[in-house]
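Undergrad: next come a sequence and a model predicted from it.
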Amino acid sequence: HSLAKADEVVLAPIYAAREEPLEGITSEKLAEKINALGTPATAFESLAEVRDALLARSSKLEARSLLITMGAGDIYKVAEQITEE
């Protein structure tokens with residue numbers, strides 16, 4: 001329930017690393033569960049969409065806001081692109 005305590009959750013696609021993907025585990029299903037707990041959550045189909053969504057929301061961030069990008073793979077590039085904007 002950790003993500004349900006956030007003000008908003010933006011989910012990138014879930015990619016399997018070296019293992020087989022877990023059947024039925026998708027960012028869309030995770031977003032549904034988080035929404036059911038009362039926290040706005042949106043799943044996006046690509047990292048570019050995640051970046052664009054976060055950039056669109058960046059004007060609403062306050063001085064003490066915390067934006068976390070977390071995951072494996074190229075998610076770190078999203079944070080780099082946002083800070084460059």
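TA: Looks like it came in fine. Numbering: from 1, shown residues only.
Undergrad: residues in contact with the nearest residue to Ser58 once chain neighbours are set aside?
TA: With C-beta to C-beta, 6 or more residues apart in numbering as the criterion, Ser58 has its nearest non-adjacent residue at 6.8 Å, and that residue is Ile82. (C-beta placed from N, C-alpha, C; glycine too.) By C-beta atoms under 8 Å, 6 or more residues apart in numbering, the contact set of Ile82 is 51, 54-55, 58, 67, 69.
Undergrad: ok, Ile82 to Leu30 distance?
TA: 22 Å (C-beta to C-beta, to the nearest Å).
Undergrad: mean confidence for stretch 18-25?
TA: Averaging pLDDT along stretch 18-25 gives 78.
Undergrad: ends of that stretch, what's the gap?
TA: Taking C-alpha to C-alpha, to the nearest Å as the measure, stretch 18-25 stretches 16 Å from start to finish.
Undergrad: now do the buried residues in that stretch.
TA: Within stretch 18-25, no residue is scored as buried using 16 or more other C-beta atoms under 10 Å.
Undergrad: same check, this time on stretch 75-85
TA: Buried, per 16+ other C-beta under 10 Å, within stretch 75-85: 78, 81-82.
Undergrad: among the residues you listed, which lie within helices?
TA: Secondary structure assignment by DSSP state H places 78, 81-82 of the buried residues of stretch 75-85 in helices.
Undergrad: list just the nearest of the residues you listed to Ser46.
TA: Closest to Ser46 out of those is Val78 (10.4 Å), distances taken as C-beta to C-beta.
Undergrad: quick one: the closest one from Leu22, how far?
TA: 23 Å.
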